[in-house]
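Chemist: Sequence isn't available, so here's the structure alone:
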């Protein structure tokens, strides 16, 4: 589906009320879209990036973050691995730009969502994803917001399913704001996908924007070395969802209190050091202070 609306106000309204995934073209004019890998190499220089590394091989279960290794490498080393290492994929994923690449002004200053009707969102509300072919995120649902994704380099494949699709949801590994699917999309066993329908397949190309409606399942995989930037747009119903996630966080936090070894198994790595008794409500407070809802 292609959308070409005349005003950013109409586009904002369209995105906030979207019910199915949509691809928008020729709307954002970020210079990042025109950069080749040489330019990215120049901009990122020798800075060390934190990569999640997985295997290009069959696994029974999804390659959860806790089963992947971590490597700190610069962009040049990443490109060398992408070209020569066919056994492994690397992913600098879900990196908030208010925490990473803070000294990279050419990157930071070229991220804006104003043309989509969201001038209140900028690089400080955005995350960046840099990965080699095969780099992926296990299938999951984001419990909050509407996701807008700008593809800036390479191609990324999205498999999207409506909220009511039964993709065998699980809260293990536990991550506040995400519900994962038990299904392994990277190395699928077809018999486990019986009854799964209504897939929306999108190959996102540079310059295109994907709008992912609230609570849509998505599995995302790089078809080649690829770079993208995204932001989550707050929605009115997020308040209720944050209460639900807060209750889940408190329950899990209480169950795992003083059980550090179990935390390593049951929690997504980004949750291990988080105070689960407070994380959801702090996130809600921070969001209310930093991003207006309308």
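Modeler: Arrived safely. Predicted model, so just to flag it, every value in this text is computed and none were measured.

Chemist: which residues of the stretch 101-250 of the chain fall in helices?
Modeler: Secondary structure of the stretch 101-250 of the chain (DSSP state H, counting those that start in this stretch): helices located at 105-108, 238-255.

Chemist: mean pLDDT lowest for which of these?
Modeler: The weakest mean pLDDT among the helices of the stretch 101-250 of the chain belongs to helix 238-255, with a mean of 61.

Chemist: mind listing what the residue nearest to residue 95 when sequence neighbours are not counted touches?
Modeler: Take residue 95 and drop its neighbours on the chain: the residue closest to it by CB to CB, 6 or more residues apart in numbering is residue 128, 5.3 Å away. In this view, the C-beta of every residue, glycine as well, is placed from N, C-alpha and C. By CB atoms under 8 Å, 6 or more residues apart in numbering, residue 128 lies in contact with 92, 95, 97, 100, 101, 107, 227, 228, 229.

Chemist: What confidence value was assigned to residue 128?
Modeler: Residue 128 is given a pLDDT of 99.

Chemist: Which strand residues bridge it?
Modeler: residue 95, residue 229 (DSSP bridges).

Chemist: Any stretches of the stretch 51-200 of the chain with poor pLDDT?
Modeler: Along the stretch 51-200 of the chain, segments meeting pLDDT under 70 span 171-176.

Chemist: Please identify the helix or strand for residue 52.
Modeler: strand 49-55 (DSSP states H and E).

Chemist: Can you spell out which helices and strands pack onto that strand?
Modeler: The contact analysis (3 or more CB pairs under 8 Å, 6 or more residues apart in numbering; DSSP states H and E) places strand 49-55 against strand 69-73, helix 75-84, strand 88-96.

Chemist: gap between it and the chain center?
Modeler: 15 Å (CA atoms, centre = their mean, to the nearest Å).

Chemist: Pull out the buried positions in stretch 7-17.
Modeler: 8, 11, 12, 14, 15, 16 (16 or more other CB atoms under 10 Å).

Chemist: For it, give the mean pLDDT please.
Modeler: pLDDT averaged over stretch 7-17 gives 92.

Chemist: out of the helices and strands packed on strand 49-55, nearest to residue 59?
Modeler: Proximity to residue 59 (CB to CB) singles out strand 88-96 among the helices and strands packed on strand 49-55, at 12.5 Å.

Chemist: wait, residue 151 sits on residue 220?
Modeler: No: using CB atoms under 8 Å, residue 151 is not in contact with residue 220; the gap is 10.9 Å.

Chemist: Which residues are in contact with each of these two?
Modeler: Joint contacts of residue 151 and residue 220 (CB under 8 Å, 6+ apart) do not exist.

Chemist: which of the helices and strands packed on strand 49-55 is buried the deepest?
Modeler: Compared across the helices and strands packed on strand 49-55, strand 88-96 shows the largest average neighbour count, a mean of 20 (mean count of other CB atoms under 10 Å).

Chemist: And it, what does it pack against?
Modeler: Under the contact rule (3+ CB pairs under 8 Å, 6+ apart), strand 88-96 is packed against strand 49-55, helix 75-84, strand 126-131, strand 136-142.

Chemist: And for the first one, what's in contact with it?
Modeler: Spelled out, it's strand 49-55. By CB under 8 Å, 6+ apart, the list of residues contacting strand 49-55 reads 63, 65, 67-75, 78, 87-93, 95, 100, 130, 134-136.

Chemist: Stretch 78-94 too?
Modeler: With CB under 8 Å, 6+ apart, stretch 78-94 has contacts from 37, 41, 49-57, 71, 73, 127-137, 222, 225, 270.

Chemist: Pull out the buried members of these.
Modeler: 49, 51-55, 71, 73, 127-137, 222, 225.

Chemist: is it true that residue 221 touches residue 156?
Modeler: Yes: Residue 221 lies in contact with residue 156 (CB under 8 Å); the separation is 7.1 Å.

Chemist: These two: which is more packed in?
Modeler: Using other CB atoms under 10 Å as the criterion, residue 221 and residue 156 rank with residue 156 on top: 26 against 18.
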